[in-house]
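Colleague: no FASTA, just this:
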């Protein structure tokens, strides 16, 4: 990173940054401060890389279920529910990096919660 910074090529961005029509950051705070997930692709052919937004499938069924390592568990739960509502029943592929294989799927409603369908 240092050569990039020294060459004045670095750009500090916010967690709601749009790089271009194919890459944008979606704020997903709660587990970590100023966390973001990355939405890549075009509508109908896109994927959300969740990062630390979710750690276990049980947090899909119960989005408000926090964990000890959360910076703000209440906010993390609100974030999960907001993101799941946004992408639920859409064609957006979720890449949930902390899940065991298969770690990609689409989010669907499941009662008051959500599930991931590979």
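Modeller: On my side now, so go ahead. A quick note: this is a predicted structure, and the numbers were derived from the prediction, not measured. Numbers count the residues shown, from 1 in each chain.

Colleague: counting neighbours, what do you get for the nearest residue to residue 105 once chain neighbours are set aside?
Modeller: For residue 105, ignoring the flanking residues on the chain, the nearest one in space by Cβ to Cβ, 6 or more residues apart in numbering is residue 116 at 4.0 Å. For every residue, glycine as well, the C-beta is placed using N, CA and C. The criterion is other Cβ atoms under 10 Å. On that basis, residue 116 has 20 neighbouring residues.

Colleague: checking my notes, residue 116 in a helix, right?
Modeller: No. Membership of residue 116 in a helix is not supported by DSSP: H, G, I helix; E, B strand; the rest coil, which gives strand.

Colleague: just checking, it touches residue 58?
Modeller: No. Look at residue 116 against residue 58 with Cβ atoms under 8 Å: they stay out of range, at 11.1 Å.

Colleague: all strands of this protein, in order?
Modeller: Along the chain, counting by DSSP state E, strands occupy 18-20, 23-27, 36-42, 45-49, 93-95, 104-110, 113-117.
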